[in-house]
Every structure is written in C-alpha cells, then in structure tokens.
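Colleague: quick one, structure for this:
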Amino acid sequence: MVRLATVAFPVPVPVALVPLSVVPLSVVPLSVVAVLAVVLVAGSGCTNRISGEPVDTPQLDADRALVSGYFGTVNAAAEEGSAAQERVFTLTQHPDFRDMQCSLQGLTVTADPAYTTLHGDPEWHPPGIADPPRGTIYVVAAAITVEQDAAVLATQISSLHVVVLDGAAYGFSPCPL
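Modeller: Model prediction:
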C-alpha cells in the first residue's frame with residue numbers, strides 16, 4: 001500500500017499523471033474530489049461530434065431589424081394607450097388574417113423579446129388555421145406584460161410569432177380573454 005503524507009504537489013501535475021488508485025480518498029480533500037468529478041463529467045460529453053455544416057443565416061440577419069422594429073412600434077404604441085395600440089395592431093396584422101383581430105378591451109400589451117432566441121418556424125400556423133401564413137415565419141421568446149391604467153395585471157414568458165412578408169414585419173393581434 002502506498003501512503004502519501006500530503007496531497008499537495010510543489011508543481012502543477014496533470015490529473016492523468018496521478019493515478020487515483022494510489023491516493024486514499026480519506027487523504028483527498030472533498031473539494032478536490034468535487035473538482036475531479038466535474039472535470040470527468042464535463043469532459044465526457046466533449047468527445048461526441050455532431051455531424052452537419054454551419055448554416056449561413058443572411059435572411060435571419062436581414063429580417064432581425066424588421067422584427068425588432070415591429071416590437072418597437074407595438075411597445076411605443078402601448079405607451080400612448082390601448083386605442084393607439086389597437087390601431088398599430090390593425091396596421092401590422094398579417095394581411096391574410098386581418099379579419100382575426102380582437103379588441104384589447106382597454107389593455108396594453110408590451111413585449112421584451114430575447115432576440116438571441118429568434119429563429120425560423122416555417123411550419124407554424126395560427127390556432128384553428130390549417131396552413132402557415134405567407135412569408136418567412138419567425139418565433140422569439142419574450143417577456144409579455146399586460147397593463148390596464150398603468151397597473152400591471154400579468155407578466156409571463158411566451159413565444160411570439162412575427163412574419164416577414166414583402167419587406168415588412170407582421171404580427172398577430174393578441175386577444176384578451
């Protein structure tokens with residue numbers, strides 16, 4: 001049996017050079033065991049390669065500004081009140097779904113999108129509709145806040161869809177219950 005008086009090494013020693021079977025666990029500080037466990041677990045997943053090629057996203061990059069502008073316009077209208085925001089939702093409602101709008105009933109809705117989550121969602125379609133809308137469909141995670149008379153009624157995280165069609169961004173008017 002090999003006994004070590006100390007586990008401290010005067011110079012850094014790569015873990016691979018110190019056989020774990022030589023060091024009694026009663027001598028090794030718990031923090032060292034934890035670090036080794038993390039290194040072993042974290043390193044074990046690094047050997048797998050996922051096949052595929054990077055995809056260039058020029059369309060996404062070009063449309064990101066349109067999507068951002070859409071949310072900026074919707075949020076600016078919310079600052080002016082429910083009636084102003086309803087007008088914006090009417091103007092920015094996807095052309096194929098103009099008849100599917102709802103009254104905000106005095107509410108305002110603001111969105112704080114996490115643009116790093118923005119990506120294409122070509123198969124999405126509004127509930128109850130069989131086919132996706134025309135255009136390039138994007139989805140983005142966002143924090144949604146619903147207010148009435150400057151009082152916050154609800155905040156939630158949700159996925160929002162925006163469609164870029166003919167160089168313009170269109171959304172889908174929210175329908176309060």
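Colleague: following the longest helix anywhere in the chain, which helix or strand comes up?
Modeller: Scanning the chain for the longest helix, with DSSP state H as the assignment, gives helix 58-80. Of the helices and strands lying after helix 58-80 in sequence (DSSP states H and E), the nearest is helix 82-92.
Colleague: and the strand or helix carrying Val164, what does it pack against?
Modeller: Val164 is part of strand 151-165 when elements are defined by DSSP H and E. With contacts taken as 3 or more CB pairs under 8 Å, 6 or more residues apart in numbering; DSSP states H and E, strand 151-165 sits against helix 58-80, strand 136-148, strand 168-170. Backbone N, C-alpha and C define where each C-beta goes, glycine included.
Colleague: deepest of those, which one?
Modeller: Among the helices and strands packed on strand 151-165, strand 168-170 has the highest mean neighbour count (mean count of other CB atoms under 10 Å), at a mean of 20.
Colleague: surely Val139 and Glu123 touch.
Modeller: No - counting by CB atoms under 8 Å, Glu123 is not a contact partner of Val139; they are 10.5 Å apart.
Colleague: sheet partners, orientation included, of the strand holding Val164?
Modeller: Sheet pairing of strand 151-165 (DSSP bridges) gives strand 136-148 (antiparallel), strand 168-170 (antiparallel).
Colleague: about what we covered before: now the helices and strands packed on strand 151-165 as CSV including mean pLDDT?
Modeller: Compiled in CSV, these are given as follows (pLDDT from 0 to 100):
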stretch, mean pLDDT
helix 58-80, 94
strand 136-148, 97
strand 168-170, 97
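Colleague: would a markdown table of the ones you listed with distance to Thr117 be doable?
Modeller: Output for the helices and strands packed on strand 151-165, formatted as a markdown table (distance: least, CB to CB, whole Å):
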| stretch | distance to Thr117 |
| --- | --- |
| helix 58-80 | 11 |
| strand 136-148 | 4 |
| strand 168-170 | 16 |
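Colleague: to Ala114, which of the ones you listed lies closest?
Modeller: strand 136-148 (4.8 Å; CB to CB).
Colleague: that closest one to helix 82-92, inter-axis angle?
Modeller: 170 degrees (axes from the mean of the first three to the mean of the last three CA atoms, to 10 degrees).
Colleague: just the CA trace of the longest helix of the chain, in PDB.
Modeller: Once non-C-alpha atoms are left out, helix 58-80 reads as follows in PDB (Å, rounded to 0.1, in the frame of the first residue of the first chain):
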ATOM      1  CA  PRO A  58     -28.400  36.100 -44.100                       C
ATOM      2  CA  GLN A  59     -32.200  36.100 -44.300                       C
ATOM      3  CA  LEU A  60     -32.500  36.000 -40.500                       C
ATOM      4  CA  ASP A  61     -29.900  38.700 -40.100                       C
ATOM      5  CA  ALA A  62     -31.700  40.900 -42.600                       C
ATOM      6  CA  ASP A  63     -35.100  40.300 -41.000                       C
ATOM      7  CA  ARG A  64     -33.900  40.700 -37.400                       C
ATOM      8  CA  ALA A  65     -34.100  44.500 -37.800                       C
ATOM      9  CA  LEU A  66     -37.700  44.300 -39.200                       C
ATOM     10  CA  VAL A  67     -38.800  42.000 -36.300                       C
ATOM     11  CA  SER A  68     -37.100  44.400 -33.800                       C
ATOM     12  CA  GLY A  69     -38.900  47.400 -35.500                       C
ATOM     13  CA  TYR A  70     -42.200  45.600 -35.200                       C
ATOM     14  CA  PHE A  71     -41.900  45.100 -31.400                       C
ATOM     15  CA  GLY A  72     -40.500  48.700 -31.000                       C
ATOM     16  CA  THR A  73     -43.600  50.100 -32.800                       C
ATOM     17  CA  VAL A  74     -46.000  47.900 -30.800                       C
ATOM     18  CA  ASN A  75     -44.400  48.900 -27.500                       C
ATOM     19  CA  ALA A  76     -44.300  52.600 -28.400                       C
ATOM     20  CA  ALA A  77     -48.000  52.500 -29.100                       C
ATOM     21  CA  ALA A  78     -48.600  50.800 -25.700                       C
ATOM     22  CA  GLU A  79     -47.100  53.900 -24.100                       C
ATOM     23  CA  GLU A  80     -49.800  56.000 -25.900                       C
END
